[in-house]
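Colleague: structure of the sequence below:
(one chain, ligands or ions: 1)
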Amino acid sequence: MIKIINLSKTYEQDNEKFEALKNINLSIADGDIFGIMGLSGAGKSSLLRCINLLEKPTSGNVFIDDTDITKLNGKQLRNFRKNIGMIFQQFNLLMNLTVFENIAFPLKISNVNKSIIDEKVNKLLQIVDLKDKKNSYPSQLSGGQKQRVAIARALASDPKIILCDEATSALDPQTTLSILNLLRSINEEYKITIIVVTHEMSVIKNLCKNVAVIEDGQIAEKGSVVEVFSNPKSKTSKKFTEDIFLSSSRRIVSDGKLLKITFIGDDAQKPIISNMVKNFNVDANIITGNIDVVQNIQLGSLIINLSGEKEDIKKAENYLKEHKLTVEVIENGIC
Ligand SMILES: Nc1ncnc2c1ncn2[C@@H]1O[C@H](COP(=O)(O)OP(=O)(O)OP(=O)(O)O)[C@@H](O)[C@H]1O
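Modeller: Predicted coordinates for the structure are as follows:
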């Protein structure tokens, strides 16, 4: 279990202070795949780097199991960091070493025996599917292959936790998917806790079980990915889930009420809208709709224009809410 308690980080530059993280409290369970999501400059990377103390918090504590790592001295921290692997957007490989040597590097500097290194690196090459590239140099690899090397290197010290800082942001969508699949299988097979910083909603939806949304250095929202995306509360998650048709749909609606309806799981299969139209004296014009799959659960969203008498519209709206659908009124293209 990772527990971040009252953590703050203030940067100082040219006598100017900047509070990048403000009183963060967060618990991340063992074996979780946890996303830290936010807009640029929100404080995501600062928070991630405070988890392995690459960035020293200005105040607060970071517990990993029973160890408060903010209390460790330099040598203890260096030893403890073997439990925490990290992968970066720009891969951070050593360009003058081969794939094999890059993966072996953390073991070599820990004076691990050569035959153990050979055995371990060959196994890791198999896990990340790069056996045929073991003698290549990073410059001879694609972006996805470089990230696979970085993942194998992170795994070399048998970490309990892997931190990923925008690990797929430099990759095309297809390669991103293959790296996300690799991370998921590592999480499932080796029960390694994975913490992912990203500004890409698709990464959170595809990979993460739980998520925290950061805004302006503070946790604006946290919960399971399904909870947060089915009922977004913070400005950021609303923005991330905002339907691209919202603003145009506002323009094409002349009267009535524009609603955004969100539904989860089995509700996606029920004919609630057609029953509403049958039972109440209203018309429902579907402007746009989308069914997404998040963590194997169907998440639907529908934008409809309800027209009819004001009272009938109100009754129809209540009917939707009684069926446990999330209903939001859209004003000027915004929920
Ligand atoms: N070493 C530093 N010195 C001064 N300010 C910093 C430093 N590192 C980060 N900051 C500031 O702290 C804030 C948070 O930065 P951080 O990199 O954590 O954000 P982020 O959410 O990861 O952004 P991005 O997605 O753009 O990488 C930003 O305003 C940034 O300018």
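
Colleague: residues from the protein in reach of the ligand?
Modeller: Counting by Cβ under 6 Å from any ligand atom, the positions of the chain adjacent to the ligand are 11, 13, 18, 20, 38, 40-46, 199. In this view, the C-beta of every residue, glycine as well, is placed from N, C-alpha and C.

Colleague: try 8 Å
Modeller: 9, 11-13, 18, 20-21, 38-49, 55, 165-166, 197, 199, 214, 217 (Cβ under 8 Å from any ligand atom).

Colleague: how would you label whichever residue of the stretch 201-335 of the chain sits closest to the ligand: helix, strand or coil?
Modeller: Distance from the ligand to each residue of the stretch 201-335 of the chain (Cβ to the nearest ligand atom) is smallest for residue 214, at 6.6 Å. Secondary structure, DSSP: H, G, I helix; E, B strand; the rest coil: residue 214 is strand.

Colleague: just checking, it touches residue 42?
Modeller: Yes. Residue 214 is within contact range of residue 42, at 4.4 Å (criterion: Cβ atoms under 8 Å).

Colleague: between those two, what contacts are shared?
Modeller: Listed as contacting both residue 214 and residue 42 by Cβ atoms under 8 Å, 6 or more residues apart in numbering are residue 236.

Colleague: averaged pLDDT, stretch 117-125. What do you get?
Modeller: The average of the pLDDT scores along stretch 117-125 is 97.

Colleague: buried sites along that stretch?
Modeller: 117, 120, 121, 124, 125 (16 or more other Cβ atoms under 10 Å).

Colleague: again, but for stretch 63-76
Modeller: Buried residues in stretch 63-76 (16+ other Cβ under 10 Å): 63, 64, 69, 70.

Colleague: excluding its backbone neighbours, what's nearest the second one?
Modeller: Closest residue in space to residue 64, ignoring its immediate chain neighbours: residue 2 at 5.6 Å, by Cβ to Cβ, 6 or more residues apart in numbering.

Colleague: just checking, the one you found touches residue 66?
Modeller: No. The pair residue 2 and residue 66 fails to qualify as a contact (Cβ under 8 Å) at a distance of 11.7 Å.

Colleague: backbone dihedrals for the residue of the stretch 101-250 of the chain found nearest the ligand, both of them.
Modeller: In the stretch 101-250 of the chain, the residue that lies nearest the ligand is residue 199 (5.2 Å; Cβ to the nearest ligand atom). For residue 199, the backbone dihedrals (degrees, to the nearest 10) come out as phi -110, psi 10.

Colleague: the bottom helix or strand of this protein by mean pLDDT?
Modeller: helix 246-252 (a mean of 47; mean pLDDT, DSSP states H and E).

Colleague: which helix or strand lies directly C-terminal to that helix?
Modeller: Next helix or strand after helix 246-252 toward the C-terminus (DSSP states H and E): strand 257-264.

Colleague: packing partners for that following strand?
Modeller: If contacts are counted by 3 or more Cβ pairs under 8 Å, 6 or more residues apart in numbering; DSSP states H and E, strand 257-264 sits against helix 225-230, helix 246-252, strand 297-308, helix 310-322, strand 326-329.

Colleague: rank the ones you listed by pLDDT, which is bottom?
Modeller: Among these, helix 246-252 carries the lowest mean pLDDT (a mean of 47).

Colleague: before we move on, back to that, of the buried residues of stretch 117-125, just say which sits nearest to residue 152.
Modeller: Comparing those against residue 152 with Cβ to Cβ places residue 124 closest, at 4.1 Å.

Colleague: wait, what's in contact with the closest one?
Modeller: Taking Cβ under 8 Å, 6+ apart as the test, what residue 124 contacts is 103, 152, 155, 156.

Colleague: try 6 Å
Modeller: Contacts for residue 124 (Cβ atoms under 6 Å, 6 or more residues apart in numbering) come out as 103, 152, 155.

Colleague: quick check: mean pLDDT of stretch 64-84?
Modeller: 94.
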